[in-house]
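> Could you work out the structure for the sequence below:
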Amino acid sequence: MTNRFTGHALTCFRGERFVFESLDFAVESSGALVLTGPNGSGKSSLIRIMADLLAAVDGHLAWNGEPVGKDPESHHARLHYVAYQDAIKPVMTVRENLAFWAGLKGPLDRVEPALEAVGIGRLVDTPAQFLSSGQRRRLSLARLVASEAELWLLDEPTVGLDRDAIGLLEGLVAAHRANGGMAVLATHQPVELGGDETRLDISAYVAKRQIFDDTEATP
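I've put the predicted structure just below:
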């Protein structure tokens, strides 16, 4: 079955200003959507809206045509969101950190294979406080491998990664798509996903209005 995740006429208001408005997107099973645009254009905000962590002031999200708001629990279960800032506990080991996230999104027997997949299996018993920034990003990416989520939402996943690690990320996304998964990446760095991905320049939807009218739709 092919699934389809869409957004229609989305408008975002943050930091006392409209960020973007009337934005549409669509991504299907085995597809990838790459969000581009300068800093401040709303890439991270759109990812958070997709993850149902931020409400749009207008527009709606849908899964196979059904509004996500009708069944938010199912939407949360089908996605895995990796933010720009990692959610790693410094005093916990690499294994313990990933086991926590794997316990929420997938079976615990996927922990060590996921760490091997991102190249940090040798650090399994290392406290996270001793990881480099690149190793911390790899640990965050391991959450995706350990999860069984169909929809990956990645906010600036290449930050802190060298070229080899970016290649690893590209391979993980390719494998996920080959298994029918879908991925959305917000990035300002080049990412090669095979050339069949859809690219969405958020700056094309920059909001023309700047004053919020409380008679408009609210979250």
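> where in this protein is pLDDT low?
Within the chain, the segments meeting pLDDT under 70 span 103-108, 209-219.
> Find the residue at the geometric middle of it.
Residue closest to the average C-alpha location in the chain (C-alpha atoms, centre = their mean): L153, at 1.8 Å.
> Which residues does the host helix or strand of it contact?
Taking DSSP states H and E as the criterion, L153 maps to strand 151-155. Strand 151-155 has contacts (C-beta atoms under 8 Å, 6 or more residues apart in numbering) with 5, 43-44, 47-48, 50-51, 78-84, 144, 173, 176, 181-187. Yep, even glycine has a C-beta here, placed from its N, CA and C like the rest.
> just checking, V124 touches N97?
No. Applying C-beta atoms under 8 Å as the test, V124 and N97 come out as separate, 10.3 Å apart.
> Comparing those two, which shows the higher neighbour count?
Just comparing V124 and N97: by other C-beta atoms under 10 Å the higher neighbour count belongs to N97, 25 against 15.
> Might you report the residue contacts of the more buried one?
N97 neighbours (C-beta under 8 Å, 6+ apart): I88, K89, A128, L139.
> before we move on, the earlier item: so which of the contacts of strand 151-155 are in helices?
Using DSSP state H, the members of the contacts of strand 151-155 that fall within helices are K43, S44, I47, R48, M50, R78, L144, V173, H176.
> nearest residue to the second one other than its sequence neighbours?
If I follow you right, that is S44. Distance criterion C-beta to C-beta, 6 or more residues apart in numbering; nearest residue to S44, sequence neighbours excluded, is D155 at 5.2 Å.
> mind listing the strands in the chain by residue range?
4-14, 17-28, 32-36, 58-63, 66-67, 79-82, 151-155, 182-186, 198-201 (DSSP state E).
> In the last one, which residues are buried?
Spelled out, that is strand 198-201. L200 (16 or more other C-beta atoms under 10 Å).
> which secondary structure elements does that strand contact?
Judged by 3 or more C-beta pairs under 8 Å, 6 or more residues apart in numbering; DSSP states H and E, the packing partners of strand 198-201 are strand 17-28, strand 32-36.
> what sits up against the first one?
Translated: strand 17-28. With contact meaning C-beta under 8 Å, 6+ apart, strand 17-28 is reached by 2-13, 33, 40-42, 45-46, 58-59, 182-184, 198, 200, 202, 205-210, 212.
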